[in-house]
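> predicted model follows, preceded by the sequence.
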Amino acid sequence: MGRFTKTLAVLGAASAAFISFGSTPASAAAKDGAWMDVRPEFTKNCGHTTAILYANFWGQSCIVDNGKGYAQAVLILSNQTDTAVTSDNYAWSDALYGSYSACPTRTITPGKQIACVSPTEFVGRGRALKLHHTTYAGARVDYTSDYYYAMK
């Protein structure tokens, strides 16, 4: 790989990270989320932790509100079972994504906690949001409890 191609790859990754957490919205076409380690800012505005799919496999819907009218849906999954769980996950919120945002299929190993972070969208200050996440693991389907949040 040439130097120019490597530079472009690094710049692209840095730009994606900035868009995800900066004050500017992600592209309207970018509806896919990304998996990340859980960060403190992900857990400030969350619904109830709910057992989903299996006993000891937990999900929680959260909203990251930057205080300027931009928001992100975050699904926190915690696998406290003794086996790996492979799942597909979707954030449902008309106010944020027009319908839903998807995270790539992910296998979560026992003892792991991870967050599916959906794109940043402008929704406006003071706007009420309703959010829930749907998780699929083979023939099993479950969802987090609905989370209602009023933007700051």
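All right, it came through fine.
> what segments of the chain are strands?
34-36, 50-51, 57-65, 70-79, 85-92, 100-108, 113-117, 121-122, 128-137, 140-143, 147-150 (DSSP state E).
> output those in a markdown table; the columns should cover distance to Lys44 and mean pLDDT.
Just so you know, the C-beta spots here come from the backbone N, C-alpha and C atoms, and that holds for glycine as well. What follows is the strands of the chain, written out as a markdown table (distance: least, Cβ to Cβ, whole Å; pLDDT from 0 to 100):
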| stretch | distance to Lys44 | mean pLDDT |
| --- | --- | --- |
| strand 34-36 | 15 | 97 |
| strand 50-51 | 18 | 96 |
| strand 57-65 | 8 | 97 |
| strand 70-79 | 10 | 97 |
| strand 85-92 | 17 | 96 |
| strand 100-108 | 19 | 96 |
| strand 113-117 | 13 | 98 |
| strand 121-122 | 18 | 94 |
| strand 128-137 | 14 | 96 |
| strand 140-143 | 22 | 96 |
| strand 147-150 | 10 | 96 |
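> pipe these into TSV and attach mean neighbour count and distance to Thr43 per row.
Output for those, formatted as TSV (neighbours: other Cβ atoms under 10 Å; distance: least, Cβ to Cβ, whole Å):
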stretch	mean neighbour count	distance to Thr43
strand 34-36	15	13
strand 50-51	14	15
strand 57-65	23	6
strand 70-79	24	7
strand 85-92	21	16
strand 100-108	16	17
strand 113-117	21	9
strand 121-122	18	20
strand 128-137	20	14
strand 140-143	15	19
strand 147-150	16	12
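> can you add distance to Phe42 and give the ones you listed back as a markdown table?
Listed next are these as a markdown table, based on distance: least, Cβ to Cβ, whole Å:
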| stretch | distance to Phe42 |
| --- | --- |
| strand 34-36 | 8 |
| strand 50-51 | 16 |
| strand 57-65 | 6 |
| strand 70-79 | 5 |
| strand 85-92 | 13 |
| strand 100-108 | 14 |
| strand 113-117 | 5 |
| strand 121-122 | 16 |
| strand 128-137 | 13 |
| strand 140-143 | 19 |
| strand 147-150 | 13 |
